[in-house]
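[1] fold the following, please.
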Amino acid sequence: MARIAPIFTSEQNSARLLDMPRTLFSTLVKKGALPGPCRIMGEERWDVAELASIMRGKKPTGNEDLEL
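    As a prediction, this is how the structure comes out:
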């Protein structure tokens, strides 16, 4: 059976995809270093492709000088 690659994920799974604690992921989202979620049928979900682009340095976040 083929593996299903997620397109959008929950906060917990987004943090796991980036190999970081959920609390750090949440902090980075609040500070604007990572994008916020979109709402899909009342649920918050993160765009996996957008997270991957940012982590690879291919998509500017507008917060390049952000100090964490």
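[2] quick check: longest helix of this structure.
    The helix that spans the most residues within the chain, counting by DSSP state H, is helix 22-31.
[3] mean confidence (pLDDT) on stretch 17-30, please.
    Average pLDDT, stretch 17-30: 96.
[4] tell me how many other residues crowd residue 14.
    25 (other CB atoms under 10 Å). All C-beta atoms are positioned from the backbone trio N, CA, C, and that covers glycine.
[5] what residues of the longest helix of the chain count as buried?
    Buried residues in helix 22-31, defined by neighbour count with 16 or more other CB atoms under 10 Å: 25, 28-29.
[6] what would those look like in JSON lines with distance to residue 4?
    Converted to JSON lines, these look like this (distance: CB to CB, whole Å):
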{"residue": "25", "distance to residue 4": "22"}
{"residue": "28", "distance to residue 4": "26"}
{"residue": "29", "distance to residue 4": "25"}
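[7] looking at those residues, which is nearest residue 56?
    Nearest to residue 56 out of the buried residues of helix 22-31 is residue 28 (CB to CB; 15.5 Å).
[8] so the closest one touches residue 34, yeah?
    Yes - in this structure, residue 28 is within contact of residue 34 by CB atoms under 8 Å, at 4.4 Å.
[9] packing partners for the longest helix of the chain?
    helix 11-17 (3 or more CB pairs under 8 Å, 6 or more residues apart in numbering; DSSP states H and E).
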